[in-house]
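Enquirer: Based on what follows, work out the 3D shape:
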Amino acid sequence: QVQLVESGGGLVQAGGSLRLSCAASGRTFSRYVMGWFRQAPGKEREFVAAITGSSDTTDYIDSVKGRFTISRDNAKNAMYLQMNSLKPEDTAVYYCAARQGSTVELVYLPDYWGKGTLVTVSS
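Expert: Numbers count the residues shown, from 1 in each chain. The predicted model follows:
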């Protein structure tokens, strides 16, 4: 079992930055592919970014490429999402997700979810 807890959300003006964190329980964090998803009001949850256990592979949706950076620190059981040049359309609840395995695509269908953290970008 893996428990995930997100933090770092808040209100920011367009063009600003936020850094989300995801704290994970357990002693085998490095064995999990980790990801970030988001759900905007009235929309379905969508994949945002993913990272393999060794950090050798990352993946992003096109709309955040060049603005968002996913990273992890296995020694701290933590994953991060640095979000720069934020836009109002980035407003959503952001969820941390995990699935055991070594290929980044596995996290498209996670086994574990956090409860989310709200990011609001004002225009």
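Enquirer: Quick check: Ser7 vs Thr117, distance?
Expert: 6 Å (C-beta to C-beta, to the nearest Å). Where you see a C-beta, it was placed from the backbone N, CA and C, and this is true even at glycine.
Enquirer: list residues touching both of those two?
Expert: Leu20 (C-beta atoms under 8 Å, 6 or more residues apart in numbering).
Enquirer: next one: phi and psi at Cys96?
Expert: Here is the backbone geometry of Cys96 (degrees, to the nearest 10): phi -90, psi 140.
Enquirer: so what's it closest to, chain neighbours aside?
Expert: The spatially closest residue to Cys96, leaving aside those adjacent along the chain, is Cys22, at 3.5 Å (C-beta to C-beta, 6 or more residues apart in numbering).
Enquirer: Show the contacting residues for the one you found.
Expert: By C-beta under 8 Å, 6+ apart, the contact set of Cys22 is Leu4, Val5, Glu6, Ser7, Met34, Trp36, Ala78, Met79, Tyr80, Leu81, Cys96, Gly114.
Enquirer: ok, which pair from these is furthest apart?
Expert: Ser7 and Met34 (14.9 Å; C-beta to C-beta).
Enquirer: Of the two, give the one with the bigger neighbour count.
Expert: Met34 (29 against 13; other C-beta atoms under 10 Å).
Enquirer: thinking the more buried one is in contact with Tyr95, fair?
Expert: No: the criterion here is C-beta atoms under 8 Å, and Met34 misses it with Tyr95 at 11.3 Å.
Enquirer: will you turn the contacts of Cys22 into TSV that also has pLDDT, distance to Lys43 and secondary structure?
Expert: Below are the contacts of Cys22 laid out as TSV (pLDDT from 0 to 100; distance: C-beta to C-beta, whole Å; DSSP: H, G, I helix; E, B strand; the rest coil):
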residue	pLDDT	distance to Lys43	secondary structure
Leu4	97	22	strand
Val5	98	24	strand
Glu6	98	19	strand
Ser7	98	23	strand
Met34	97	23	strand
Trp36	98	16	strand
Ala78	98	28	strand
Met79	98	23	strand
Tyr80	98	24	strand
Leu81	98	19	strand
Cys96	98	19	strand
Gly114	98	19	coil
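Enquirer: All set now, cheers.
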